[in-house]
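A.B. asks: got a structure for you, letters missing:
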């Protein structure tokens, strides 16, 4: 029994390493945002990837803009890249700040778990939708912080929001595990 638990744990951690490595390989092959698409390893694939990123970025910015306006703020969305409260600098949302890496990790962890097909499908869809909702809150929060508490922008962007989003996805995954074993 003890050996079986050890093997299961080691297998799960090996799967985590493979998931992490597969993302790193994908990111290497697709290229970095700062690198021109035509200079990447697979330019045609990279162009499609950038197109998907642009679509999601604009969707998130427009939803965040709507949320801030609903809260009574006058906002400006500049060139589908910068969102700001009028009179303040705002934030620029790059294509690689959208949470695709986190969506991938979450999806893959759910896929390698012992859940039923239905539970995997519902968990993945729910997790990705929850992540997008959290992204909208994160972007709106960063725009608000930029305007009204700019000294907190760095720590909020690099730590607080990342830990909160990651923590909430882990909590969601834990709930899926808990329900599976009830």
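C.D. replies: Okay, I see it. The structure presented is a predicted model; accordingly, all values stated were derived computationally and were not measured. Numbering: from 1, shown residues only.
A.B. asks: Could you confirm residue 141 falls within a helix?
C.D. replies: Yes: the assignment for residue 141 by DSSP: H, G, I helix; E, B strand; the rest coil puts it in a helix.
A.B. asks: now the helices for the chain?
C.D. replies: Along the chain, counting by DSSP state H, helices occupy 2-30, 43-70, 100-112, 117-148, 153-155, 161-180.
A.B. asks: Distance check, the closest residue to residue 98 other than its chain neighbours against residue 131.
C.D. replies: Counting by CB to CB, 6 or more residues apart in numbering, residue 98 lies nearest to residue 56, which is 5.2 Å off, once chain neighbours are set aside. Bear in mind the C-beta positions are built from the backbone N, C-alpha and C, glycine included. Relative to residue 131, residue 56 is positioned 11 Å away (criterion: CB to CB, to the nearest Å).
A.B. asks: So if I had to pick from these two, which one is more boxed in?
C.D. replies: residue 131 (22 against 18; other CB atoms under 10 Å).
A.B. asks: Look up how far residue 34 lies from that one.
C.D. replies: Counting by CB to CB - residue 131 and residue 34 are separated by 24 Å.
A.B. asks: Can you name the residues that contact residue 30?
C.D. replies: 40, 41, 42, 45, 46, 49 (CB atoms under 8 Å, 6 or more residues apart in numbering).
A.B. asks: Between all of those residues, which two are separated the most?
C.D. replies: Greatest spatial distance in the contacts of residue 30: 41 and 49, 11.7 Å, computed using CB to CB.
A.B. asks: If you count surrounding residues, which of these two has more?
C.D. replies: residue 49 (19 against 11).
A.B. asks: Spatially nearest residue to the more buried one, not counting backbone neighbours?
C.D. replies: Per CB to CB, 6+ apart, closest to residue 49 is residue 30, 5.1 Å.
A.B. asks: Kindly report the same for residue 90.
C.D. replies: Residue 90 sits nearest to residue 84 (CB to CB, 6+ apart), 2.3 Å away.
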